[in-house]
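Colleague: Below are the sequence and a predicted model for it; my questions follow.
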Amino acid sequence: MVMKPEPIFAAFESIKRAQDSPVILTTPRGKRLTHDWAEVMAKQNDLTIICGHYEGIDERVRAIVSDEISIGDFVVTGGELPALAIVDAVGRLIPGVLGKQASLADESFTHGLFEAPQYTKPAIFRDVAVPDVLRSGDHKAIALWRRKESLRITLERRPELISQANLEERDHALIKQIEEEKV
């Protein structure tokens with residue numbers, strides 16, 4: 001089943017939107033949804049998202065599309081779930097949506113790396129303890145531990161992200177330590 005162009009064009013032409021605002025089509029053919037792209041979209045006044053279903057949309061609809069976005073290398077029955085992912089990824093970056101903008105500062109992908117592990121109370125749960133450094137009160141040591149763990153997790157799970165990350169000089173020394181610890 002392919003969606004006809006007439007109802008999509010009729011719906012599109014009936015909405016009030018800035019003429020130059022992005023029109024996004026959710027499709028597996030699109031470029032991958034990334035944090036960087038979401039940051040750019042969060043600065044827009046409005047977005048229009050077109051969702052295909054089953055086999056997608058009539059190819060002529062692409063004439064009104066500015067961005068084709070995929071949420072990964074897999075197919076879902078419709079574009080609604082990818083649209084929700086786009087809305088959430090973009091929306092949370094708009095000032096005032098989250099309680100504190102500072103909450104966004106050190107999350108996964110903000111600096112090209114995964115964030116460090118998170119812990120809460122109790123200090124020991126099922127014989128697994130929160131790392132001592134996190135309970136030390138030494139903020140400098142805690143920051144260093146978090147950065148090293150962020151690098152470690154990224155290297156283990158998505159090493160290709162390291163080459164795109166905003167690395168500092170100290171990060172290269174930390175990466176060397178991590179690699180030496182593997183041996």
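Modeller: Done, it's in.
Colleague: and the longest strand for this protein?
Modeller: In the chain, assigned by DSSP state E, the strand with the most residues is strand 23-32.
Colleague: for the record, mean pLDDT for that strand?
Modeller: Averaging pLDDT along strand 23-32 yields 96.
Colleague: which residues touch that strand?
Modeller: 12, 37, 41, 47-52, 56-57, 61-62, 64-75, 79-80, 82-83, 86 (C-beta atoms under 8 Å, 6 or more residues apart in numbering). The way it works is simple: take the backbone N, C-alpha and C, and place the C-beta from them, glycine included.
Colleague: Can you flag which of those residues belong to helices?
Modeller: 12, 37, 41, 80, 82, 83, 86 (DSSP state H).
Colleague: Let me know the closest of these to residue 178.
Modeller: Of all these, residue 178 sits closest to residue 37, with 29.1 Å by C-beta to C-beta.
Colleague: residue contacts, the closest one?
Modeller: 31, 67, 69.
Colleague: Just among the residues you listed, which is most surrounded?
Modeller: In terms of neighbours by other C-beta atoms under 10 Å, those top out with residue 69 at 27 neighbours.
Colleague: Not counting its neighbours along the chain, what's nearest it?
Modeller: Spatial nearest neighbour of residue 69, chain neighbours left out: residue 30 (4.4 Å); criterion: C-beta to C-beta, 6 or more residues apart in numbering.
Colleague: quick one: low-confidence parts of the protein?
Modeller: Flagging of the chain using pLDDT under 70 yields the residue ranges 101-106.
Colleague: Please parse it into its domains.
Modeller: 5-91, 106-182 (automatic domain parsing).
Colleague: Spatially central residue for the protein, please.
Modeller: Computing the C-alpha centroid of the chain and ranking residues by C-alpha atoms, centre = their mean puts residue 35 first, at 3.9 Å.
Colleague: Distance check, the residue nearest to residue 68 when sequence neighbours are not counted against residue 7.
Modeller: With sequence-adjacent residues excluded and distances taken as C-beta to C-beta, 6+ apart, residue 68 is closest to residue 30, at 3.3 Å. To residue 7, residue 30 is 21 Å away according to C-beta to C-beta, to the nearest Å.
Colleague: Pull out the buried residues from the lengthiest helix in the chain.
Modeller: Ranked by number of residues, the top helix in the chain under DSSP H is helix 139-157. Within helix 139-157, the residues scored as buried using 16 or more other C-beta atoms under 10 Å are 142, 145, 146, 147, 148, 149, 150, 151, 152, 153, 154, 155.
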